[in-house]
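here's my sequence, what's the structure:
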Amino acid sequence: MIKLAFDTYQFRIKNSEKGRQIFDVIRKKFVSLTPEEWVRQHVIHYLLYEKKAPKSWLNAEKQFSLAGLSKRFDVILFQSDGSAQLIVECKAPNVTIDQKVFDQIARYNQKFQATYMMVTNGLEHYFCT
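Below you'll find the model as predicted:
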C-alpha cells in the first residue's frame, strides 16, 4: 500500500480467500484492505498512539440514520461524558479532498455535534471546528 502522511505503524495484515485483510483493533476483526481502509487504520492508530485516545472512546465504521437515510461514519472519538469530540471522514489516497467531502462531514456532524471534524485522504489532513 502507498506510504501515507502519518507515522509508520505496525498492522496485522493477512491474505485470505476474501483477499488482503487488515486487523481493525476497534472493530476487533479483520476487514478488507481497501485504499480507504488503509487510511482509516492509520487514523485509528494516530489517535491511539500519537494522541493517546482511549480505545474505548473510539468507534469505527458504524451505521447511523440521518434524515431517514442510512449512513456510515468512518471514525468518531468520544469524550468521557459520551459526547463526540472528533468525527473523521476518510477517503482513499487517490480521492481529492473537495467541497463535497467537507459538505459530507458537515452533514454527518449535524447528527453528532462533534467539537472537531477531520477530513483526510491519508496524504492531506484538514481539521475544522
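
distance of the residue lying farthest from the centre of the chain relative to residue 35?
Relative to the centre of the chain, the most outlying C-alpha is that of residue 17, 25.3 Å out, by CA atoms, centre = their mean. Separation of residue 17 from residue 35 (CB to CB, to the nearest Å): 21 Å. Heads up, the C-betas are built off the backbone N, CA and C, glycines and all.

just checking, residue 23 touches residue 30?
Yes. Using CB atoms under 8 Å, residue 23 is in contact with residue 30, at 5.3 Å.

which other residues reach the helix ranked longest in the chain?
If you go by DSSP state H, the chain has its longest helix at helix 99-112. Contacts of helix 99-112 with the rest of the structure, by CB atoms under 8 Å, 6 or more residues apart in numbering, involve 64, 66, 71, 73, 76, 84, 87, 89, 91, 95, 117, 119, 126, 128.

assess the claim that the first one and residue 74 are in contact.
No. At 11.7 Å, residue 64 does not count as touching residue 74 under the criterion of CB under 8 Å.

which one's more surrounded, the two?
More crowded of residue 64 and residue 74, by other CB atoms under 10 Å: residue 74, with 24 against 14.

what about the closest residue to the more buried one other than its chain neighbours, distance to residue 15?
Excluding its sequence neighbours, the residue lying closest to residue 74 (CB to CB, 6 or more residues apart in numbering) is residue 90, at 4.3 Å. Using CB to CB, residue 90 is found at 23 Å from residue 15.

also residue 58?
27 Å.

now swap in residue 108 and tell me
On the measure of CB to CB, residue 108 and residue 15 end up 33 Å apart.

compare those two (neighbour count), which wins?
Legend: neighbour count by other CB under 10 Å for residue 108 and residue 15, higher for residue 108 (21 against 9).

buried residues, stretch 51-71. List them.
53, 57-61 (16 or more other CB atoms under 10 Å).
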